[in-house]
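Turn this into a structure:
(one chain, ligands or ions: 1)
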Amino acid sequence: MDINGVRRILNEKDNFTILTHISPDGDTLGCGFALCRFLRSMGKKANVINGDKVPHRYEFLCEGYYPQEFEEECVVAVDIADAKLMGDALKRYQEPGAVDLCIDHHISNTGYAKETLLDPTAGAAAMIMYEILSGMGEITKEVAACLYTGISTDTGCFRFENTDSRAHMYAANLIETGIDFYTINRKMFELKSRNVAAAERAIVSQMKFYLNDKVAVNVISLDTLKKYGVELAELEGIPSVALTIEGVAAGVTVKEKAKGTYKISVRTTDELNASRICSDFGGGGHIRAAGCEIKGELCDVIDKVVAKISEYI
Ligand SMILES: [Mn+2]
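Here you go, the predicted model:
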């Protein structure tokens, strides 16, 4: 479906449920709350539903948000590549045909929705959302803050390879609305609690190297989270640490979800395709950042991922 098709749906329907993905990030939440605010300002009803709770640093995106009562007419998924990424709390939306419209930029999108607007060249789904909404009406400061957060977080504050002139241009237009982008970026990329800083130091000090130091692995165990009193969502900075080391082509973060279940996040330089590595384990994502889930003992899980990467190196 093209942008005009999406605008038509947003104009025609009145009651929207907007879904965001589990382990919500700035892009899925930014898109979700931007769309919700925009639709409400059009006099329509809309709710944003998350499979997980909104991490503290993103709470400003839902400032003033309250759930509305209505008969659901249109279900929109934002930044969700695969129905299973809605999580167990949103099981009912994982059924075939449950999602009417998906707006996404993941090359690995499975096409689970009835209609999909997919632009894998967009660094953030929030860029697609900006294109849709800016053609429908005025982007208020509140909506702009949500969209800017999505673009900034998914491009690593305009540093990742997925950053292009379009990302900068949209960001510039959003800044024109008067948003406090300094505070947004400081919250997204700098501020952390002392506990989180201590946990990060402990994790990074245990970083292991494989394949002639081309692969670096960080492990976030449930014990570490407990010891430092932090949540997994607060350690979003860890996956980018490995790639700051010269010679590393793949940074792997192994997150213990439950005993024997690990969430793997893979970040790569231009030597490797992270999405392909993860799709071999049933996951997916972007070329330079992707994820998957693997069950087993920690050492076996790491061996499997490293062996897979060695096939592509
Ligand atoms: Mn995204």
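
Tell me which residues touch the residue nearest in space to the middle of the chain, please.
Centroid-nearest residue in the chain: Asp25, 4.2 Å away (criterion: Cα atoms, centre = their mean). Under the criterion of Cβ atoms under 8 Å, 6 or more residues apart in numbering, the neighbours of Asp25 are 79, 153-154, 236. C-beta here means a position set from N, CA and C on the backbone, and glycine is covered the same way.

Using a markdown table, lay out these together with secondary structure, distance to Leu10 and neighbour count.
A markdown table is the format used below for the contacts of Asp25 (DSSP: H, G, I helix; E, B strand; the rest coil; distance: Cβ to Cβ, whole Å; neighbours: other Cβ atoms under 10 Å):
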| residue | secondary structure | distance to Leu10 | neighbour count |
| --- | --- | --- | --- |
| Asp79 | coil | 17 | 29 |
| Thr153 | helix | 24 | 24 |
| Asp154 | helix | 22 | 28 |
| Glu236 | coil | 30 | 20 |
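
residue boundaries of the helices in the stretch 101-250 of the chain?
125-134, 141-154, 165-175, 181-189, 194-204, 222-228 (DSSP state H, counting those that start in this stretch).

Dump these to CSV, plus distance to the ion and mean pLDDT.
CSV is the format used below for the helices of the stretch 101-250 of the chain (distance: least, Cβ to the ion, whole Å; pLDDT from 0 to 100):
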stretch, distance to the ion, mean pLDDT
helix 125-134, 5, 98
helix 141-154, 5, 98
helix 165-175, 12, 98
helix 181-189, 14, 97
helix 194-204, 22, 97
helix 222-228, 24, 97
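
Same list, these, but as TSV with distance to Arg8 please.
Conversion of the helices of the stretch 101-250 of the chain to TSV gives the following (distance: least, Cβ to Cβ, whole Å):
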stretch	distance to Arg8
helix 125-134	11
helix 141-154	20
helix 165-175	22
helix 181-189	31
helix 194-204	44
helix 222-228	45
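
hey, which helix or strand in this structure has the poorest pLDDT?
Lowest by mean pLDDT, DSSP states H and E among the helices and strands of the chain is strand 284-285, with a mean of 90.

Measure how the helix or strand just after that strand sits relative to helix 141-154, angle-wise.
Next helix or strand after strand 284-285 toward the C-terminus (DSSP states H and E): strand 289-295. Interaxial angle of strand 289-295 relative to helix 141-154 (axes from the mean of the first three to the mean of the last three Cα atoms, to 10 degrees): 70 degrees.

Okay, now the sheet partners of strand 289-295, with direction.
Using DSSP bridges, strand 289-295 pairs in its sheet with strand 261-268 (antiparallel), strand 284-285 (antiparallel).

Restrict it to CA atoms and write it as CSV.
Provided in CSV are the C-alpha atoms of strand 289-295 (Å, rounded to 0.1, in the frame of the first residue of the first chain):
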residue,chain,number,x,y,z
ALA,A,289,21.0,-4.2,13.7
ALA,A,290,18.9,-7.3,14.2
GLY,A,291,17.7,-9.7,16.8
CYS,A,292,16.6,-13.3,17.5
GLU,A,293,15.8,-15.7,20.3
ILE,A,294,17.8,-18.9,21.1
LYS,A,295,17.1,-21.5,23.7
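
wait, does it contact the ion?
No. Using Cβ under 5 Å from the ion, strand 289-295 never reaches the ion; the gap is at least 9.3 Å.
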